[in-house]
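Trainee: Structure, please.
(one chain, ligands or ions: 1)
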Amino acid sequence: MAEAKQELDHFMQGLAKRNPGEPEFQQAVQEVVETLIPYVLDHRKYHDAHILERMTEPDRIVIFRVCWEDNEGNIRTNRAWRVQFNNSIGPYKGGMRFHPNVTLSVLKFLGFEQVLKNSLTGLPMGGGKGGANFNPKGKSDNEVMRFCHSLMIELYRHIGEDTDVPAGDIGVGAREVSYLFGQYKRLANRFVGTLTGKGLAFGGSLVRMEATGYGCVYFAQNMLHHRGDSLQGKTCVVSGSGNVAIYTVEKATELGGKVVTLSDSQGSIYDPKGIDPDKLAWVKELKEVRRGRIKEYAEQFGCEYQEGKRPWSVPCDIAFPCATQNEIEASDAAELLKNGVQVVCEGANMPTHIDGVHQFLDKKILYGPAKAANAGGVGVSGLEQSQNALRLSWSRQEVDQRLQGIMRDIHEKCVSYSPESKDGWVNYVDGANISGFVKVADAMLAYGVV
Ligand code: NDP
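Mentor: Down below sits the predicted model:
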């Protein structure tokens, strides 16, 4: 125990020194190595080969300028990145994020998490992530198109179906992926599955759009079943109102839960009657077509709207954070626990601050960390790659069944790698980190010093 603490402190000091000014990346690594250092000390082959030091250093990072012209004829300049983190078990795979807060630190945290997450899916995918400090909000379709096309003029030389396969993330949905893929196809003069999340008419997979949200709910269902419980009748709180949030609400409702909140970066709504399928159809139109604010939901359906507030003070059985990183701070975690939350299942990446994670683990609630709970998105992206390679399209039912299988397998892996607990409680953080790590680490060991 003392050896592990000393080793952890030493490791994190080194990491902070090598990656100054990167708080998100340091946080993501800390959360993982808190679990892995004791494991690595017990499994000396990883320790002696310095696998953790090697795994926390990206294979490479491409940083480039993206110039584009806005509707007024002004020349605008943004910065874009592609972090190719680790391709030990397959081509780099991970989304692109367009948001003004995107930094190298954020993309390194996301890329690092992606390595372990992709390993957990059981599919042959390495980990990467990319994005730009570009804000699609308030831009016209033509401006977004010009930005995407300009970005791809540089990115296309670094990606490929067997090299690196980007997809969507915050600010990058169906519209952006289409512009990116259209330009890629033109520059490369090849029609191959180099991006996922594509439209159904040009190589996309059924259920990809729904996959992260559906998968997150399937993971919660697996955790509950393992304890002899179900989603039936559970009150659920969801944050965000983008892709992941919308399909989390859809599946949670279908499986008998009652979802009472949604949010965006400006505030949250609380609808105690529940967000039923008709109301959700209205939200989809609001967010996917009109690109409006969640505040309008409160006006439309006559419920409460809290400006600038997240939904964590609403009493619930299950919380699904589906917006962004660090949206559950220590005080939010304490409030959720005080109000009796039984399950926290993460649709977003690293939505819970490390102090909140410790609180959930101390109280032994069912806590599904992002890299396990939201792996359904990249899982179905992997299935999209398979369909593209086969030049086939699987039915909705087939993809959904495979998604359910992927989430069930991830759950089983977490249970089998979680240290034994006398009362049967599963530490999904340990389970996900160790299980994701072992596959990548074994590949790195097999390759020798690379
Ligand atoms: P979207 O862009 O579709 O939606 C993001 C939602 O989160 C919006 O409601 C947005 O509000 C809100 N949000 C974004 N940033 C902030 C912020 N700083 N504070 C408060 N709210 C914020 O993104 P996705 O739904 O695709 O992604 C959501 C999360 O899920 C991210 O963490 C992403 O990494 C993760 N994820 C996504 C996957 C996918 O397949 N799309 C796969 C796995 C993980 P607003 O509109 O006001 O900005």
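
Trainee: and the residue in the stretch 351-450 of the chain positioned nearest to the ligand, what is it in contact with?
Mentor: As assessed by C-beta to the nearest ligand atom, the ligand sits closest to G377 within the stretch 351-450 of the chain, at 3.2 Å. Backbone N, C-alpha and C define where each C-beta goes, glycine included. With contact set as C-beta atoms under 8 Å, 6 or more residues apart in numbering, G377 has these partners: A167, R208, A211, T212, G215, V244.

Trainee: okay, these in a markdown table with neighbour count, secondary structure and distance to L123 next?
Mentor: Listed next are the contacts of G377 as a markdown table, based on neighbours: other C-beta atoms under 10 Å; DSSP: H, G, I helix; E, B strand; the rest coil; distance: C-beta to C-beta, whole Å:
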| residue | neighbour count | secondary structure | distance to L123 |
| --- | --- | --- | --- |
| A167 | 24 | strand | 13 |
| R208 | 25 | helix | 14 |
| A211 | 31 | helix | 13 |
| T212 | 29 | helix | 15 |
| G215 | 31 | helix | 13 |
| V244 | 31 | helix | 20 |
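
Trainee: near the ligand, from these?
Mentor: Residues of the contacts of G377 in contact with the ligand (C-beta under 6 Å from any ligand atom): T212, V244.

Trainee: Out of the contacts of G377, which two are the most distant from each other?
Mentor: A167 and G215 (14.1 Å; C-beta to C-beta).

Trainee: what about the residue nearest to the spatial centre of the chain, distance to L110?
Mentor: Closest residue to the average C-alpha location of the chain: N349 at 4.3 Å, with C-alpha atoms, centre = their mean. Between N349 and L110 the computed distance is 6 Å (C-beta to C-beta, to the nearest Å).

Trainee: The lengthiest strand in the chain pairs with which strands, parallel or anti?
Mentor: What stands out as the longest strand in the chain, according to DSSP state E, is strand 75-86. If you go by DSSP bridges, strand 75-86 pairs up with strand 60-69 (antiparallel), strand 127-132 (antiparallel).

Trainee: hey, which of these is tucked in deepest?
Mentor: Comparing these by mean neighbour count (mean count of other C-beta atoms under 10 Å), strand 127-132 ranks first with a mean of 30.

Trainee: what about that strand and the ligand, touching?
Mentor: No. Judged by C-beta under 6 Å from any ligand atom, strand 127-132 makes no contact with the ligand; its nearest approach is 8.8 Å.

Trainee: Name the residues of the helix or strand just after that strand that are buried.
Mentor: Remark: after strand 127-132, the chain's next helix or strand is helix 141-155, criterion DSSP states H and E. Across helix 141-155, burial judged by 16 or more other C-beta atoms under 10 Å covers E143, V144, M145, R146, F147, C148, H149, S150, L151, M152, L155.

Trainee: related to what we said a few turns ago, list the buried residues in the helix or strand containing the residue of the stretch 351-450 of the chain closest to the ligand.
Mentor: According to DSSP H and E, G377 maps onto helix 375-390. For helix 375-390, the neighbour count (16+ other C-beta under 10 Å) marks 375-388 as buried.

Trainee: same thing with stretch 153-171?
Mentor: 155-156, 158-161, 164-171.

Trainee: As JSON lines, these with secondary structure and pLDDT would be great.
Mentor: JSON lines is the format used below for those (DSSP: H, G, I helix; E, B strand; the rest coil; pLDDT from 0 to 100):
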{"residue": "L155", "secondary structure": "helix", "pLDDT": "98"}
{"residue": "Y156", "secondary structure": "helix", "pLDDT": "98"}
{"residue": "H158", "secondary structure": "helix", "pLDDT": "98"}
{"residue": "I159", "secondary structure": "coil", "pLDDT": "98"}
{"residue": "G160", "secondary structure": "strand", "pLDDT": "98"}
{"residue": "E161", "secondary structure": "coil", "pLDDT": "98"}
{"residue": "D164", "secondary structure": "strand", "pLDDT": "98"}
{"residue": "V165", "secondary structure": "strand", "pLDDT": "98"}
{"residue": "P166", "secondary structure": "strand", "pLDDT": "98"}
{"residue": "A167", "secondary structure": "strand", "pLDDT": "98"}
{"residue": "G168", "secondary structure": "coil", "pLDDT": "97"}
{"residue": "D169", "secondary structure": "strand", "pLDDT": "97"}
{"residue": "I170", "secondary structure": "coil", "pLDDT": "97"}
{"residue": "G171", "secondary structure": "coil", "pLDDT": "97"}
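
Trainee: Tell me where the longest helix sits in this protein.
Mentor: helix 396-417 (DSSP state H).

Trainee: And the next helix or strand past that helix?
Mentor: Downstream of helix 396-417 (by DSSP H and E), the next one is helix 428-447.

Trainee: Excluding chain neighbours, what is closest to the one residue in the stretch 151-300 of the chain that gets nearest to the ligand?
Mentor: Per C-beta to the nearest ligand atom, G242 is where the stretch 151-300 of the chain lies closest to the ligand, at 1.8 Å. Of all residues not flanking G242 in the chain, K287 sits nearest, at 6.6 Å (C-beta to C-beta, 6 or more residues apart in numbering).

Trainee: so who does that neighbour touch?
Mentor: S241, G242, I246.

Trainee: The last one is in contact with V283, isn't it?
Mentor: Yes. Taking contacts as C-beta atoms under 8 Å, I246 lies within contact range of V283: 6.3 Å.

Trainee: burial measure for the closest residue to E327 other than its chain neighbours, as a count.
Mentor: Taking C-beta to C-beta, 6+ apart, and ignoring the residues beside it in sequence, E327 has P351 as its nearest neighbour in space, at 4.8 Å. P351 has 25 neighbours, counted by other C-beta atoms under 10 Å.

Trainee: any idea how far P351 is from N101?
Mentor: 15 Å.

Trainee: what do you get for I170?
Mentor: 9 Å.

Trainee: One more: E307?
Mentor: With C-beta to C-beta as the criterion, E307 and N101 are 20 Å apart.

Trainee: And the two? Which one has more around it.
Mentor: Taking other C-beta under 10 Å, E307 and N101 do not tie; N101 has more neighbours (13 against 8).

Trainee: quick one, phi/psi of that one?
Mentor: phi -90, psi 0 (degrees, to the nearest 10).
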